[in-house]
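A.B. asks: The following comprises the amino acid sequence and a computationally predicted model.
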Amino acid sequence: SAVISQKPSRDICQRGTSLTIQCQVDSQVTMMFWYRQQPGQSLTLIATANQGSEATYESGFVIDKFPISRPNLTFSTLTVSNMSPEDSSIYLCSVGVDYEQYFGPGTRLTVT
Amino acid sequence: QKEVEQNSGPLSVPEGAIASLNCTYSDRGSQSFFWYRQYSGKSPELIMSIYSNGDKEDGRFTAQLNKASQYVSLLIRDSQPSDSATYLCAVILGTGFQKLVFGTGTRLLVSP
């Protein structure tokens, strides 16, 4: 497995602003993922972030709204841009180890 | 048809009983299957992975896979109140790339 941390753990933001979420893992991993979990719902993959290449976004998610950086094998960021109340959600990063994925503690975002 | 389907529950069992959680998936070519446990307000925790037909046991947990029926289950023996959580079934659809698709989760309630 892996030890994963996320910052911030929670935030309250005003609409129209942006928030950058950081994900740090204690070992080098090739594959990192960003998910969203809206209240009372399951997880939805936003994008896959591989070091040295552009992130791959899932249907319904675009780079202008959710830009991702992956500068090295232990770190990634997800930015939620031009936020609206519909972006209120928990954002989770995960890392792939062989075929398994392990999740960070999540960032609870509330947009007012 | 959803890619990964679970009964949302809640599934209520008394302490000490066996809890049986079920999941079906749509892609017959899928090879990797996972069960996550998610406590309220926490991130998903991987508890079982299974790749071959049959049973896989780990402590009080047994995962069962039947690829012909496209069915995966999780049995929890000697259920404890601390097992009360939402259990998420996740499948890597197809082969290779680690794109996990999650079911909506089954809420388990274990009463003392």
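C.D. replies: Yes, it's here.

A.B. asks: Which helix or strand contains the residue nearest the centre of chain A?
C.D. replies: For chain A, the residue nearest the mean C-alpha position is residue A:34 (3.6 Å; CA atoms, centre = their mean). Element membership for residue A:34, per DSSP states H and E: strand A:31-37.

A.B. asks: and the gap between the closest residue to residue A:22 other than its chain neighbours and chain B?
C.D. replies: Counting by CB to CB, 6 or more residues apart in numbering or on different chains, residue A:22 lies nearest to residue A:7, which is 4.6 Å off, once chain neighbours are set aside. C-beta coordinates here come from the backbone N, C-alpha and C atoms, glycine included. Remark: distance between residue A:7 and chain B (CB to the nearest CB, to the nearest Å) = 14 Å.

A.B. asks: sorry, back to before: tell me what the residue nearest to the centre of chain A is bridged to.
C.D. replies: Per DSSP bridges, the residues bridged to residue A:34 are residue A:47, residue A:93.

A.B. asks: you'd agree it is up against residue A:89?
C.D. replies: No: checked against CB atoms under 8 Å, the pair residue A:34 and residue A:89 is beyond contact range at 11.4 Å.

A.B. asks: what sits against residue A:104?
C.D. replies: For residue A:104, the contact set (CB atoms under 8 Å, 6 or more residues apart in numbering or on different chains) comprises A:4, A:5, A:6, A:23, A:92, A:93, A:94, B:43.

A.B. asks: got the contact list for the nearest residue to it once chain neighbours are set aside?
C.D. replies: Spatially, and ignoring its direct neighbours in sequence, residue A:104 is nearest to residue A:4 (3.8 Å; CB to CB, 6+ apart). The contact partners of residue A:4, by CB under 8 Å, 6+ apart, come to A:23, A:24, A:25, A:26, A:93, A:94, A:95, A:102, A:103, A:104, A:105.

A.B. asks: Export those residues to CSV and append columns for pLDDT and secondary structure.
C.D. replies: Output for those, formatted as CSV (pLDDT from 0 to 100; DSSP: H, G, I helix; E, B strand; the rest coil):
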residue, pLDDT, secondary structure
A:23, 98, strand
A:24, 98, strand
A:25, 97, strand
A:26, 95, coil
A:93, 97, strand
A:94, 96, strand
A:95, 95, strand
A:102, 96, strand
A:103, 97, strand
A:104, 97, coil
A:105, 98, coil
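
A.B. asks: out of these, who's nearest chain B?
C.D. replies: Chain B lies nearest to residue A:103 out of those, by CB to the nearest CB, at 4.4 Å.

A.B. asks: So what sits opposite the closest one in the bridge?
C.D. replies: With DSSP bridges as the rule, residue A:103 is bridged to residue A:94.

A.B. asks: That one touches residue A:92, doesn't it?
C.D. replies: Yes: with contacts counted by CB under 8 Å, residue A:103 reaches residue A:92, the gap being 5.3 Å.

A.B. asks: Show me the common contact partners of the two, please.
C.D. replies: In contact with both residue A:103 and residue A:92: A:35, B:43, B:44, using CB under 8 Å, 6+ apart.

A.B. asks: Among those, which one has the most neighbours?
C.D. replies: residue B:44 (29 neighbours; other CB atoms under 10 Å in any protein chain shown).

A.B. asks: Am I right that it is in contact with residue A:102?
C.D. replies: No: the pair residue B:44 / residue A:102 is not scored as a contact, 9.0 Å apart, by CB under 8 Å.
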